[in-house]
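In: All I have is the shape, not the residue letters:
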Ligand SMILES: *[C@@H]1O[C@H](CO)[C@@H](O)[C@H](O)[C@H]1NC(C)=O
């Protein structure tokens, strides 16, 4: 990667190959640079050992760190996932352990989630715009899968102790197919992976009704029902 970067930095200074116009060459260099940038997009590397956000300064300077002499071990410990979160109508609960709930993760480029399923409970189809997820089945039996950009589904029943990866930005879902509660632990390669749940993003947002009616072939009555059910509860 390092050497590719060096080459690219030199490219614009060098002469275009004789069979290429300089304009086309500039275009080509731009495309290469842009694609390199996209490929390497991720949380940035830390510039110090750690950066616990400073509660006093962060409203003015969001990236300011607490004075390291004031940092204690408790800044690096999170105790909020000892037990399951509040269960939703879908028989599912989750507690994100991201930099917003666990400031110790700030600048470290990773985060975590605990998710619990009642028997039959589902984690609705969703995606994380900024992270790949690795999910470990701590307890139970979970039907688990994702869909790639050609609409191919990769899914199977995972047993306790198994791990599945959900590539960054791809739609994925889970369902407890066992007769006991199930628990998974997921880790992400971003301190703030983001979460977009398809049902609420599509029907619980303010997308113009006509668009949804046409997109899904729904009558306004069917649509109203879905919208009511999936409206954000705040
Ligand atoms: C950090 O705190 C120590 C101890 O209170 C203090 O001596 C030092 O000046 C502080 N550093 C900064 C950059 O504020």
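Out: Looks like it came in fine. Since we're looking at a predicted model, the values are computed, not measured. Numbering: from 1, shown residues only.
In: mind checking the end-to-end distance for stretch 186-201?
Out: As for stretch 186-201, its first-to-last residue distance stands at 22 Å under the measure Cα to Cα, to the nearest Å.
In: hmm, who's touching that stretch?
Out: Identification of contacts with stretch 186-201 by Cβ atoms under 8 Å, 6 or more residues apart in numbering yields 42-43, 96, 98-100, 105-113, 115, 124-136, 168, 171, 230, 232. Quick note: C-beta positions are derived from backbone N, CA and C, even for glycine.
In: at 6 Å what do you get?
Out: For stretch 186-201, contacts defined as Cβ atoms under 6 Å, 6 or more residues apart in numbering pick out 43, 98-99, 105, 109-113, 124-135, 230.
In: Show me what counts as buried in it.
Out: By neighbour count on 16 or more other Cβ atoms under 10 Å, the buried set for stretch 186-201 is 186-193, 195, 200.
In: Need the residues you listed in CSV (columns: secondary structure and distance to residue 161).
Out: Compiled in CSV, the buried residues of stretch 186-201 are given as follows (DSSP: H, G, I helix; E, B strand; the rest coil; distance: Cβ to Cβ, whole Å):
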residue, secondary structure, distance to residue 161
186, strand, 15
187, strand, 16
188, strand, 20
189, coil, 22
190, coil, 25
191, coil, 27
192, coil, 29
193, coil, 24
195, coil, 25
200, helix, 32
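In: still on that earlier bit, check the contacts of stretch 186-201 for burial and list the buried ones.
Out: For these, a neighbour count by 16+ other Cβ under 10 Å gives the buried set as 43, 98-99, 105, 109-113, 125-128, 130-133, 135, 230.
In: quick one: which of those residues sit in helices?
Out: Counting by DSSP state H, the part of the buried ones among the contacts of stretch 186-201 found in helices is residue 230.
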